[in-house]
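Novice: whatever this is, show me its structure:
(chains A, B, C and D)
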Number of protein chains: 2
Amino acid sequence: MTVSKTAEKSSEKPADAAKGRKDAGEVQAEALQLGELSEQLGYVLKRAQLKVFENFLRCMASLQLTPAQFSVLLLVEKNPGRNQTEIASTLGILRPNFVAMLDNLESRDLCARIRSTNDRRSHILVLTDKGKAVLARAKKLVATKHEARLNDLLGQANREALIGMLSKIANEF
Amino acid sequence: MTVSKTAEKSSEKPADAAKGRKDAGEVQAEALQLGELSEQLGYVLKRAQLKVFENFLRCMASLQLTPAQFSVLLLVEKNPGRNQTEIASTLGILRPNFVAMLDNLESRDLCARIRSTNDRRSHILVLTDKGKAVLARAKKLVATKHEARLNDLLGQANREALIGMLSKIANEF
DNA sequence: GATATTTGATATGGTCCATAACAATTATCA
DNA sequence: TGATAATTGTTATGGACCATATCAAATATC
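Specialist: Numbering: from 1, shown residues only, chains lettered A, B, ... in the order given. Purely as a prediction, here's the structure:
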């Protein structure tokens, strides 16, 4: 597998990268043969994931939300009153790494840590009003600019089948 | 999105993580609601990719090959006589980062850098005999233990459809 | 009430990714 | 031809993300 995650400027898109020579005169170096690589699940999965994240970041540029941050806001909205450990572990984020992430969201006034009265060790997480508003706008952007692109590319039925298969892999592989 | 890539020991699997409490007596904290997250392309894509890579590493434990290393060996075998820049860029690896990778493979006698006689700046890449042998064994392991798992999980037709859709996303998204 | 566990946090190290810069070599072209 | 530009592999470096150990405060357990 492999595939870096460069956005636009530097690295050329992996597929037809090696052709980036002289478009001028001489002998065009023949393109490399991907061979069995293009049938490798991991390879194609990783490449697709990088493309999707890249597109996500472009769509969210105005809101400055990464995929990870978006997922946190979504989960906190859906599960208000949960503490850091619960939110983090549900997303597969280790608690130490979740701290800086929350510091960021909190400094932008998108969510807040509230000392729990039941258990004064834990911080309850909630979205601020601004956080709710930003998340609402983010959802619209994602739906119209990001997910809609999948329908254009694959069609509604295939899109749902894809999500279903990926979920199955994520849960049962 | 989010989802870390922890293998087995430490972090719990994201989905049913928050339940990892006491299986003993008291009140089981209700599981968190994933909500729209489970329909987010990027989220499910990333989670699937992590699972697949994790499984790949397990299957290749005896050969000590990462997905990235495997892809390099595959590509060099398919395209002998190419230089570092060509192989790296085709895989989306930046040339500076490709150096250490090759150092590793070369130190294990899996591939070799050969000074080109045409252009004494470039290094031609080839697989060593050991490299070819290891790659052959790797292919078998991948086919029987890794890719075969997809068929068991999705069925042949769905597997091909999945690869096709992912390729389309990787190339056209 | 002594001990163990949990929570959020800090420090730290590893891996991967990206950019700048460099020497050696080759291409370009005035 | 010779000066200049471009390319190749490389090093150095910084950032992002991930993982582990450890800690103090608070709580649970016995």
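Novice: can you pull the poorly scored residue ranges out of chain A?
Specialist: Applying pLDDT under 70 to chain A flags the ranges A:1-29.
Novice: strands along that one, start to end?
Specialist: A:111-115, A:123-127 (DSSP state E).
Novice: for these, which one ends up most surrounded?
Specialist: With neighbours taken as mean count of other Cβ atoms under 10 Å in any protein chain shown, the strands of chain A reach their highest mean count in strand A:123-127, at a mean of 20. For every residue, glycine as well, the C-beta is placed using N, CA and C.
Novice: name the helices or strands packed onto the top helix by length along chain A?
Specialist: The residue-count maximum for a helix in chain A (DSSP state H) belongs to helix A:41-59. Counting contacts by 3 or more Cβ pairs under 8 Å, 6 or more residues apart in numbering or on different chains; DSSP states H and E, helix A:41-59 packs against helix A:67-78, helix B:41-59, helix B:67-78, helix B:156-172.
Novice: in CSV: those, plus mean neighbour count.
Specialist: CSV is the format used below for those (neighbours: other Cβ atoms under 10 Å in any protein chain shown):
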stretch, mean neighbour count
helix A:67-78, 22
helix B:41-59, 23
helix B:67-78, 23
helix B:156-172, 17
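Novice: relative to DNA strand D, which of those helices is closest?
Specialist: helix A:67-78 (6.2 Å; Cβ to the nearest atom of the strand).
Novice: who touches that closest one?
Specialist: Residues from elsewhere that reach helix A:67-78 (Cβ atoms under 8 Å, 6 or more residues apart in numbering or on different chains): A:53, A:56-57, A:60, A:65, A:82, A:87, A:90-91, A:93, A:101-102, A:104-105, A:110-111, A:125-127, A:131-132, A:134-135, A:138, A:142, B:1-2, B:32-37, B:40, B:42-43, B:46.
Novice: swap in stretch A:117-128?
Specialist: Against stretch A:117-128 from outside (Cβ under 8 Å, 6+ apart): A:73, A:76-77, A:80-85, A:87, A:102, A:109-116, A:135.
Novice: repeat that for 7 Å
Specialist: Outside of stretch A:117-128, the residues within contact range by Cβ atoms under 7 Å, 6 or more residues apart in numbering or on different chains are A:73, A:76-77, A:80-84, A:87, A:109-116, A:135.
Novice: ok, back up a step: would you reformat the strands of chain A as JSON lines and include distance to B:Asp152?
Specialist: Formatted as JSON lines, the strands of chain A follow (distance: least, Cβ to Cβ, whole Å):
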{"stretch": "strand A:111-115", "distance to B:Asp152": "41"}
{"stretch": "strand A:123-127", "distance to B:Asp152": "39"}
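Novice: distance to DNA strand D added to these, as JSON lines?
Specialist: Formatted as JSON lines, those follow (distance: least, Cβ to the nearest atom of the strand, whole Å):
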{"stretch": "strand A:111-115", "distance to DNA strand D": "9"}
{"stretch": "strand A:123-127", "distance to DNA strand D": "11"}
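Novice: which one of those lies nearest to DNA strand C?
Specialist: When the strands of chain A are compared by Cβ to the nearest atom of the strand, strand A:123-127 sits nearest DNA strand C, at 4.1 Å.
Novice: for A:Leu45, give its distance to A:Asn118.
Specialist: 42 Å (Cβ to Cβ, to the nearest Å).
Novice: A:Leu32: what's it in contact with?
Specialist: So A:Leu32 contacts A:18, B:75, B:79, B:82, B:86, B:90 (Cβ under 7 Å, 6+ apart).
Novice: got it, and A:Thr85?
Specialist: Residues in contact with A:Thr85, defined by Cβ under 7 Å, 6+ apart, are A:Arg95.
Novice: again with A:Ser38
Specialist: Contact analysis of A:Ser38 by Cβ under 7 Å, 6+ apart lists A:44, B:167.
Novice: with A:Leu162 instead?
Specialist: A:Leu162 neighbours (Cβ under 7 Å, 6+ apart): A:154, B:165.
Novice: ok, A:Glu147 touching B:Tyr43?
Specialist: No - here A:Glu147 does not reach B:Tyr43: they are 11.3 Å apart, not a contact under Cβ atoms under 7 Å.
Novice: in the sheet, who's paired with A:Val126?
Specialist: With DSSP bridges as the criterion, A:Val126 is bridged to A:Ala112.
Novice: outside of stretch A:48-57, which residues touch it?
Specialist: A:3, A:5, A:7, A:66-67, A:146, A:149, B:41-42, B:45-46, B:49, B:166, B:169-170, B:173.
Novice: residue numbers of chain A in contact with DNA strand D?
Specialist: Proximity of chain A to DNA strand D, by Cβ under 7 Å from any atom of the strand, involves residues A:22, A:66, A:68, A:92-94, A:96-97, A:119-121.
Novice: among those, which one has the most neighbours?
Specialist: With neighbours taken as other Cβ atoms under 10 Å in any protein chain shown, the top of the residues of chain A next to DNA strand D is A:Ile93, carrying 24 neighbours.
Novice: ok, that residue to B:Glu39 distance?
Specialist: Counting by Cβ to Cβ, the gap from A:Ile93 to B:Glu39 is 20 Å.
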